[in-house]
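**Q** Just a sequence and a predicted model for now, questions to come.
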Amino acid sequence: MTEPGTVYLDHAATTPMLPVAVEVMTAHLQGVGNASSLHASGRRARRVVEESRETIARAIGCRPGEVVFTSGGTEADNLALKGIYWSRHDADPRRRRILSTAVEHHAVLDPLAWLAEHEAAEVELLPVDERGRLRVDALRESIERDPGSVALISVMWANNEVGTLQPVTEVVELAAAYEIPVHTDAVQAVGAVPVDFAASGVDALTLTGHKLGGPYGVGALVVRRELDVTPLGHGGGQERDVRSGTLDTPGIAGFAAAVEAAVKAQPEHAERMQALRDDLVRRILEVVPGSHVHGPQLDRAATDRLPGNAHIGFPGCEGDSLLMLLDARGIECSTGSACSAGVPQPSHVLLAMGCDAEQARHSLRFSFGHTSTAADVDAVVEAIVPVVERARAARR
């Protein structure tokens, strides 16, 4: 729960747990048993894990054996990128290239940088258009230049900053012609838009609990059984010998309950989030001169953008200043930029979309979730004008 009186609009960073997930996880915290043990307590824990695996599989359209539990999205992305690259490269040393986009989350970009530095991988970050959408023509050209050298492709399902939905279907169609595996980070997508693993045709998919109403510290890599993945760590051989380690039975149970609930409620949830988001954007653009939307515009947002994402630029301001001024009023949101030694850095996503450095620092992301209300929108609209005026005055 957030503090009383706080307007929490940072659900893309993390969202409060759903009551059903809290209830299920709490019940299992009182139990005991290692899911790898053979005695009765261990078998009970194993049953919880496997039933949770089946629940997640039904919700996202995969086989239960394809769900590999991890500590969250970052570990799942690392396992996919490194594990698939190592397996593919070992099978054919020509496969050195990894194709991805310039707007990926750092949970993808940083492992790719590590593979380039330490494993001689050739990483190509493909361009996006002004909406933040992968240029499919660039992907096609890159593949066709030397398809036999491509180890894998990784393209996120939905962007965490500006909410752009990526052309996953087109990516899979291009890759399938050359039998290149495709990984997608779907952390922001599951529960927000329809996600079906089997129907999508991807080979590996990342999701995590705390983005959809589940607990922190638990997630999964959904990966086809036929695809070899070299493990990152070694130990007890759990999770198909791909991810060793004692399984977090209560966390997995809460995670599964959240996935099931979020996917079941997705159509109604998306409609409500989109209505709140559209109202916020419309009203801010009306009262703040020069403000503008980054990413897909509202007339395309129903199909091109996450329903709960509003990414708005405020020229003449620093995003960090806006964030702190709103925080002082009890309104919590985020910027897309990073901060290094106290100096705001421009968002790599906005830079890739064609913004200059100043434009890439003047934005705020408001992201809605299951606890969001119309009163939250009213509070932001009431506060935004004096906050922007103060932020602009500070730069004069």
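**A** Cool, got the structure.

**Q** per-domain residue ranges of the protein.
**A** The chain breaks down into these domains under automatic domain parsing: 7-15+266-394, 19-260.

**Q** can you list those in CSV and add mean neighbour count and mean pLDDT?
**A** Glycine gets a C-beta too; all of them are placed from N, C-alpha and C. Shown next, in CSV, are these (neighbours: other CB atoms under 10 Å; pLDDT from 0 to 100):
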stretch, mean neighbour count, mean pLDDT
domain 7-15+266-394, 19, 92
domain 19-260, 20, 97
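
**Q** Now do the contacts for residue 31.
**A** 41, 44, 45, 249, 250 (CB atoms under 8 Å, 6 or more residues apart in numbering).

**Q** Which residues does the helix or strand hosting the third one contact?
**A** Using DSSP states H and E, residue 45 sits in helix 40-60. Under the criterion CB under 8 Å, 6+ apart, residues 28, 31-37, 62-64, 66-67, 69, 190, 195-197, 205, 207, 220, 222, 247, 249, 252-253, 255-257, 259-260, 263-264 lie in contact with helix 40-60.

**Q** ok, 6 Å please
**A** Contacts with helix 40-60, where a contact means CB atoms under 6 Å, 6 or more residues apart in numbering, come from 32-35, 64, 67, 195, 197, 247, 249, 252-253, 256, 259-260, 263.

**Q** any idea how far the nearest residue in space to residue 148 that is not next to it in sequence lies from residue 118?
**A** The shortest distance from residue 148 to any non-neighbouring residue, by CB to CB, 6 or more residues apart in numbering, is to residue 94 (5.7 Å). Per CB to CB, to the nearest Å, residue 94 is found 19 Å from residue 118.

**Q** How about residue 17?
**A** From residue 17 to residue 118 the distance is 37 Å (CB to CB).

**Q** One more: residue 165?
**A** 32 Å.

**Q** so where do the helices sit in the stretch 101-250 of the chain?
**A** Secondary structure of the stretch 101-250 of the chain (DSSP state H, counting those that start in this stretch): helices at 106-118, 136-145, 168-176, 197-200, 249-287.

**Q** Hmm, I typed the wrong one, I wanted the stretch 251-396 of the chain.
**A** Going by DSSP H, counting those that start in this stretch, the stretch 251-396 of the chain shows helices at 301-304, 319-328, 348-352, 374-394.

**Q** Kindly reformat those as a markdown table containing distance to residue 310.
**A** Output for those, formatted as a markdown table (distance: least, CB to CB, whole Å):
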| stretch | distance to residue 310 |
| --- | --- |
| helix 301-304 | 9 |
| helix 319-328 | 13 |
| helix 348-352 | 15 |
| helix 374-394 | 9 |
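
**Q** Out of those, which is closest to residue 24?
**A** helix 374-394 (27.3 Å; CB to CB).

**Q** relative orientation of the closest one and helix 319-328 in degrees?
**A** 130 degrees (axes from the mean of the first three to the mean of the last three CA atoms, to 10 degrees).

**Q** who does helix 374-394 touch, helix- and strand-wise?
**A** helix 249-287, helix 319-328 (3 or more CB pairs under 6 Å, 6 or more residues apart in numbering; DSSP states H and E).

**Q** Return the distance of the first one from the chain's centre.
**A** The offset between the C-alpha centroid of helix 249-287 and the centroid of the whole chain comes to 14 Å, using CA atoms, centre = their mean, to the nearest Å.

**Q** For that helix, name the packing helices and strands.
**A** helix 19-29, helix 40-60, strand 309-313, helix 374-394.

**Q** ditto for the shortest one
**A** Counting by 3+ CB pairs under 6 Å, 6+ apart, the packing neighbours recorded for helix 319-328 are strand 363-367, helix 374-394.

**Q** before we move on, what SS does residue 99 have?
**A** Per DSSP: H, G, I helix; E, B strand; the rest coil, the secondary structure class of residue 99 is strand.

**Q** For residue 349, see how far away it is.
**A** 18 Å.

**Q** same thing with residue 394?
**A** 25 Å.

**Q** Same question for residue 379.
**A** In terms of CB to CB, residue 379 sits 27 Å off from residue 349.

**Q** for residue 204, same thing?
**A** 22 Å.

**Q** And residue 372, by the same measure?
**A** Noted for residue 372: a distance of 23 Å to residue 349, by CB to CB.

**Q** Can you tell me which of the helices and strands packed on helix 249-287 is nearest to residue 326?
**A** Nearest of the helices and strands packed on helix 249-287 (CB to CB): helix 374-394, 5.7 Å.

**Q** quick one: contacts of that closest one?
**A** 7, 276, 279-280, 283-284, 287-288, 314, 316-317, 321-322, 325-326, 329, 331.

**Q** Repeat the analysis, applying 7 Å as the threshold.
**A** 7, 9, 276, 279-280, 283-284, 287-288, 314, 316-318, 321-322, 325-326, 329, 331, 366 (CB atoms under 7 Å, 6 or more residues apart in numbering).

**Q** Export it to PDB, keeping only CA atoms.
**A** Extracted C-alpha coordinates of helix 374-394, given in PDB (Å, rounded to 0.1, in the frame of the first residue of the first chain):
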ATOM      1  CA  ALA A 374     -10.000   9.700 -11.400                       C
ATOM      2  CA  ALA A 375      -9.000  11.600  -8.200                       C
ATOM      3  CA  ASP A 376      -5.300  10.900  -9.000                       C
ATOM      4  CA  VAL A 377      -5.800  12.600 -12.400                       C
ATOM      5  CA  ASP A 378      -7.500  15.600 -10.700                       C
ATOM      6  CA  ALA A 379      -4.600  15.900  -8.300                       C
ATOM      7  CA  VAL A 380      -1.900  15.900 -11.000                       C
ATOM      8  CA  VAL A 381      -3.800  18.400 -13.100                       C
ATOM      9  CA  GLU A 382      -4.300  20.700 -10.100                       C
ATOM     10  CA  ALA A 383      -0.500  20.600  -9.300                       C
ATOM     11  CA  ILE A 384       1.100  20.600 -12.700                       C
ATOM     12  CA  VAL A 385       0.700  24.300 -13.600                       C
ATOM     13  CA  PRO A 386       2.400  25.700 -10.500                       C
ATOM     14  CA  VAL A 387       5.000  23.000 -10.600                       C
ATOM     15  CA  VAL A 388       6.000  23.600 -14.200                       C
ATOM     16  CA  GLU A 389       6.100  27.400 -13.600                       C
ATOM     17  CA  ARG A 390       8.400  26.900 -10.700                       C
ATOM     18  CA  ALA A 391      10.600  24.500 -12.600                       C
ATOM     19  CA  ARG A 392      10.900  26.900 -15.500                       C
ATOM     20  CA  ALA A 393      11.600  29.800 -13.300                       C
ATOM     21  CA  ALA A 394      14.500  27.900 -11.700                       C
END
